[in-house]
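In: build me a model from this:
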Amino acid sequence: MTHDELRQLEGARRRTLWALGSLRPGDPTASDLLAILDDLDDQERNDTPCSDKPLDLIEVRNSVSVMRHSSGIDIILEQTIPQPWRERFNQASIGSTRLLDGPYASDWDKFLACWESEMQHLDAHRAACSKAKLD
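Out: Below you'll find the predicted structure:
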């Protein structure tokens, strides 16, 4: 996947997750958003070689280097964030303040916590959608 394709895919994922975040699990309007996310997941899976198992959140967290900046603020080294996580973080951080040498480590930690929360919310939506189909 090219950088532009990844940027577009993750931009679409970010917009869809934000839209889904305002809905309660079981809301019938969520089904279109879930279909979009399923399609984005399929696109990502189809572009990833079978041997490349996606990194889980703990592996991603552990792979990123944090350094103390001369300003006294901890920053992360963007080049240590594996794709597609780097692009996910970039999409979620558009408009955020950062240092020239790298984003704030606290913003990275906040992104990871938010991602985990968003995935739990997404799972709740998928479970509610599956239950509705069975009823």
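
In: distance from the chain centre to the host helix or strand of residue 35, please.
Out: Residue 35 is part of helix 30-47, with elements assigned from DSSP states H and E. Distance, stretch centre to chain centre, for helix 30-47: 13 Å (Cα atoms, centre = their mean, to the nearest Å).

In: and if you look at stretch 96-108?
Out: 17 Å.

In: give the buried residues for it.
Out: Residues of stretch 96-108 classed as buried by neighbour count (16 or more other Cβ atoms under 10 Å): 102, 103, 104, 105, 107, 108. To be clear about C-beta, it is placed using only N, CA and C from the backbone, and glycine gets the same treatment.

In: okay, how far is it across it, tip to tip?
Out: Between the opening and closing residues of stretch 96-108 there is a gap of 11 Å (Cα to Cα, to the nearest Å).

In: ok, stretch 25-34 next?
Out: End-to-end for stretch 25-34, by Cα to Cα: 11 Å.
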